[in-house]
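Trainee: predicted structure and sequence below. I'll ask about it afterward.
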Amino acid sequence: MPFYPSFLRRSSVARTRERRMGFISGLVNVVVVLFSGVVAVAVPLIDAQICLPGWLYPAPLVELKRWYGEVFGDYLVTEKPHFFTGLVWVEIAFLWPLSVANVYGILARRPWASTTSLMAGVSTATSMAAIMAELLGSGKASEQLLQIYFPFGVFALAAILRGLFCRPRRATSTSHASSSRKKRA
């Protein structure tokens, strides 16, 4: 073990803090990957039925959406108000590709994953603000329906925090370093 002056050595407190932050960062990554996975599957199969013609979907998926709307009393899905239809179009065009990229980027530890997380989080937070205002303001939403939508607000916050504070790890590839030395010579 090489000798380092005491002011260069990391203290045990610093190592403990790094471990704690690593755990919290890992937990946020798990939350973002799980919700991104749910969005990546649910948007094209369930949510898009609000905007797209029903004949595009097999009967079991159409029945699943109808069942969900009835059982959970999700009047946004059954009544299809115009603002909600617009939000679903945003999900299809913007949030769905970002969610697919999030799952891949976080699992593959790509440096751009913090950017896609931030974008997905802000998009979800914006949509959730409009949806929660409608649910709370209309008085139509049951407690059960609010509990279904609330976790997406938590996902939005986690994705935004991940995007803002998660630093990409630099690759420590020796082949990259040696190839850059060759280019200089």
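Mentor: Nice, thanks for sending it over. Residues are numbered from 1 along each chain as shown.

Trainee: tell me the gap between the longest helix anywhere in the chain and the middle of its chain.
Mentor: In the chain, taking DSSP state H as the definition, the longest helix is helix 12-45. When distances are taken as C-alpha atoms, centre = their mean, to the nearest Å, helix 12-45 is centred 10 Å away from the chain's centroid.

Trainee: first-to-last residue distance for stretch 103-123?
Mentor: 16 Å (C-alpha to C-alpha, to the nearest Å).

Trainee: buried set for it?
Mentor: Using 16 or more other C-beta atoms under 10 Å as the burial criterion, the residues of stretch 103-123 that qualify are 103, 105-106, 113-114, 116-121, 123. (C-beta placed from N, C-alpha, C; glycine too.)

Trainee: wait, which of those is closest to residue 134?
Mentor: residue 123 (17.3 Å; C-beta to C-beta).

Trainee: so the closest one, which of the three states?
Mentor: Assigned with DSSP: H, G, I helix; E, B strand; the rest coil, residue 123 falls in the helix class.

Trainee: how about it: what's its closest non-neighbour residue?
Mentor: residue 95 (5.1 Å; C-beta to C-beta, 6 or more residues apart in numbering).

Trainee: also residue 70?
Mentor: Among residues not flanking residue 70 along the chain, residue 78 sits closest, at 7.4 Å (C-beta to C-beta, 6+ apart).

Trainee: buried residues in the one helix or strand that neighbour maps to, which are they?
Mentor: In the assignment (DSSP states H and E), residue 78 maps to helix 75-79. Across helix 75-79, burial judged by 16+ other C-beta under 10 Å covers 75-77.

Trainee: same question for stretch 149-156.
Mentor: Buried-residue list, stretch 149-156, by 16+ other C-beta under 10 Å: 152-153, 155-156.

Trainee: out of those residues, which comes closest to residue 67?
Mentor: Closest to residue 67 out of these is residue 152 (20.0 Å), distances taken as C-beta to C-beta.

Trainee: these two touch, right, that closest one and residue 123?
Mentor: No: applying C-beta atoms under 8 Å as the test, residue 152 and residue 123 come out as separate, 11.0 Å apart.

Trainee: which residues of this structure score low on pLDDT?
Mentor: 1-21, 168-185 (pLDDT under 70).

Trainee: which parts of it are strands?
Mentor: Remark: strands of the chain are absent; assignment by DSSP state E.

Trainee: which parts of this structure are helices?
Mentor: With DSSP H, the ranges of helices along the chain come out as 12-45, 59-71, 75-79, 82-90, 96-107, 113-138, 143-165, 174-184.

Trainee: which one of these is the most hemmed in?
Mentor: Highest mean neighbour count among these (mean count of other C-beta atoms under 10 Å): helix 96-107, with a mean of 20.

Trainee: mind checking how far that one is from the chain centre?
Mentor: 8 Å.

Trainee: against which helices or strands is it packed?
Mentor: Applying 3 or more C-beta pairs under 8 Å, 6 or more residues apart in numbering; DSSP states H and E, one finds that helix 96-107 contacts helix 12-45, helix 113-138.
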